[in-house]
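Enquirer: I would like to see how this sequence folds:
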Amino acid sequence: MRPLLAVWETEGDERGAGGASDSELAAETSMFDALETFPAGRGRVRYAHRRWITDGDQQARERITVLNLRHSLSTALLTTLTTPPPPNSSVMNVNGLLARHLPDTIGWTRTPAFTCLLEHP
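Expert: Reported below is the predicted structural model:
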């Protein structure tokens, strides 16, 4: 069984809070405590594998890094595309941008699992 980390986050009233715990109950309790400080808000608990921490799995860490960068970059690009004036009409492939601009130390971007994403925008 792989160890999981319970990660919680809240949003409300133009602010938020978040944290992590080894215990699902502790994460839920912290999330609900934080939500009580907002007039209105929402929260969620997600689970993260800690294989890269417990086993020193470098590829798992790189995959998480690339995933987080891809989501952040996608959000920025979507905002840019929907705000006039739009950039040129060519297709933007976030995975291609990451593959071209991440340092060579992030070797996961050269694995077949990632490079197959470069073929489909």
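Enquirer: where do the helices of the protein begin and end?
Expert: Along the chain, counting by DSSP state H, helices occupy 24-35, 51-54, 58-81, 94-101, 112-115.
Enquirer: just for this protein, where's the confidence low?
Expert: Along the chain, the parts satisfying pLDDT under 70 run over 1-3, 49-54, 80, 83-92, 120-121.
Enquirer: redo that, cut-off 90
Expert: Filtered on pLDDT under 90, the chain yields the residue ranges 1-25, 27, 31, 34-121.
Enquirer: quick one, domains of it?
Expert: Following automatic domain parsing, the chain resolves into domains at 4-49, 58-119.
Enquirer: could I get those in TSV, plus columns for mean neighbour count?
Expert: C-betas here are computed from N, CA, C, even on glycine. As requested, the domains of the chain are exported to TSV (neighbours: other Cβ atoms under 10 Å):
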stretch	mean neighbour count
domain 4-49	15
domain 58-119	13
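Enquirer: nearest to Glu9, of the helices of the chain?
Expert: helix 24-35 (7.5 Å; Cβ to Cβ).
Enquirer: residues in contact with the closest one?
Expert: With contact meaning Cβ atoms under 8 Å, 6 or more residues apart in numbering, helix 24-35 is reached by 6-10, 12, 17, 19-21, 41-45.
Enquirer: list just the nearest of those to Ser74.
Expert: Nearest to Ser74 among those, with distances taken as Cβ to Cβ, is Glu9, at 18.5 Å.
Enquirer: double-check that closest one against Ala17; I have them as touching.
Expert: Yes. Glu9 lies in contact with Ala17 (Cβ atoms under 8 Å); the separation is 7.3 Å.
Enquirer: now Leu4. Nearest residue, chain neighbours left out?
Expert: Nearest non-adjacent residue to Leu4, counting by Cβ to Cβ, 6 or more residues apart in numbering: Tyr47, 4.6 Å away.
Enquirer: just list whatever residues bridge to that neighbour.
Expert: Beta-bridge pairing of Tyr47 under DSSP bridges involves Ala6.
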